[in-house]
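> Next come a sequence and a model predicted from it.
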Amino acid sequence: MANDVREIIIIGGGPAGYTAALYAARANLEPLVIEGFSWGGQLMITSDVENYPGYPDGILGPEMMQDFRRQAERFGAEYVTDDVTRVDFSERPFRVYVGDDEYRAESVVVATGATARQLGLESERRLQGRGVTYCAVCDAAFWRERDVAVVGGGDSAMEEALFLTKFASKVTVIHRRDEFRASPIMLDRARASEKIELVMNAVVDEVLGGDRMEGLRLRSTVTDETRELPVDAVFVAIGHDPSTGLFLDQLDHDDAGYLVTQAESTETNVPGVFAVGDVVDHTYRQAITAAGSGCMGALDAERFLASSHGHPGSALTAPRPEAAEV
């Protein structure tokens, strides 16, 4: 199978990748989805999803991603649950590598998403999963009636802090500057909570603890003095980085590493290569916008294939038989 030239390869799972797979599969393009070890994207570390249409009672993030995945599989999408290690977009068919295995395709949709940004401390890495975490929704219940901290100054940090107040005794929000980047409404909500304390002009110098986290050493960005903050967990909420390292030497991107697409299209600077979801979106970053982007990528890829080498009629644009007039 690895030696076959496919119509389309989709790199990455999550709402964007699986929606692209669904549309491509229904267009009879027989997509291969190289979804990665961490298939499902960031929704795999999300509990309740209440703002996706069609789920009036809400749904767990992993369950929703399983639904997406199964629906695309029903129409013929195939999966490789492994990470892409190298790509070659210099000519068609494009080449996508998983270790020593080579896969070739006439079109590629990049849907690799984004990852949570870290503090960059050795002690942070050592204590990940033992007090250091990046998702309040996932882990807040482990810290009932405990003191915790949130690092960050944007809306995401305030959302994490407010969610944590449902479980923790106290939440300390730590921000390196003298002004928060969060929207006024989110900041007002945080300030109104009796459980939240806002600490500005401070950075985390060290995560303290042996087998388990025991606190943070904070350093003032004004005086350079340090102090210890006894907390049982820290939730890092300082943003995300697009997972685009594999593509930066071949695809156009902005200063932050997000891929750049053509106007009113998901096509990159390489014809036949499309980018969808959080690899291009640093504004909305929602499951529904990622899914919509995945749909656009599949439509663009199908039309590219049809125009470039006489691909058979479009299952995406042709009328559905059940909708025909009788």
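Cool, got the structure.

> Span of stretch 245-265 from start to end?
22 Å (CA to CA, to the nearest Å).

> Flag every buried residue along that stretch.
246-247, 250-251, 253, 257-259, 261 (16 or more other CB atoms under 10 Å). For every residue, glycine as well, the C-beta is placed using N, CA and C.

> Can you lay out those residues as TSV showing pLDDT, secondary structure and distance to L198?
As requested, the buried residues of stretch 245-265 are exported to TSV (pLDDT from 0 to 100; DSSP: H, G, I helix; E, B strand; the rest coil; distance: CB to CB, whole Å):
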residue	pLDDT	secondary structure	distance to L198
L246	96	coil	39
F247	98	coil	38
Q250	97	coil	43
L251	98	coil	40
H253	97	strand	35
G257	95	coil	30
Y258	95	coil	30
L259	98	strand	35
T261	97	coil	38
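
> Closest one of those to V222?
G257 (31.0 Å; CB to CB).

> The closest one touches L246, doesn't it?
No - using CB atoms under 8 Å, G257 is not in contact with L246; the gap is 11.2 Å.

> shared neighbours of these two, which are they?
Contact criterion CB atoms under 8 Å, 6 or more residues apart in numbering; residues shared by G257 and L246: none found.

> can you pull the contacts of R92?
106, 272.

> correction: P15
So P15 contacts 41, 43, 65, 68, 277, 287-288, 290-291, 294 (CB under 8 Å, 6+ apart).

> What segments of the chain are helices?
Assignment of helices within the chain using DSSP state H yields the ranges 14-26, 61-74, 122-126, 136-139, 155-164, 184-192, 287-309.

> can you pick the most crowded of the contacts of P15?
G277 (33 neighbours; other CB atoms under 10 Å).

> about what we covered before: what's the closest of the contacts of P15 to R26?
For these, the nearest to R26 is G294 (12.8 Å; CB to CB).

> Skipping adjacent residues, who's closest to that closest one in space?
The shortest distance from G294 to any non-neighbouring residue, by CB to CB, 6 or more residues apart in numbering, is to T19 (3.4 Å).

> so the one you found sits right up against I288, yeah?
No - between T19 and I288 there is no contact under CB under 8 Å: 9.9 Å.

> what's the span of stretch 255-272 from first residue to last?
23 Å.

> can you check stretch 20-39 too?
14 Å.

> May I see the buried residues of it?
20-29, 31-36, 38-39.

> No further queries at this time; thank you.
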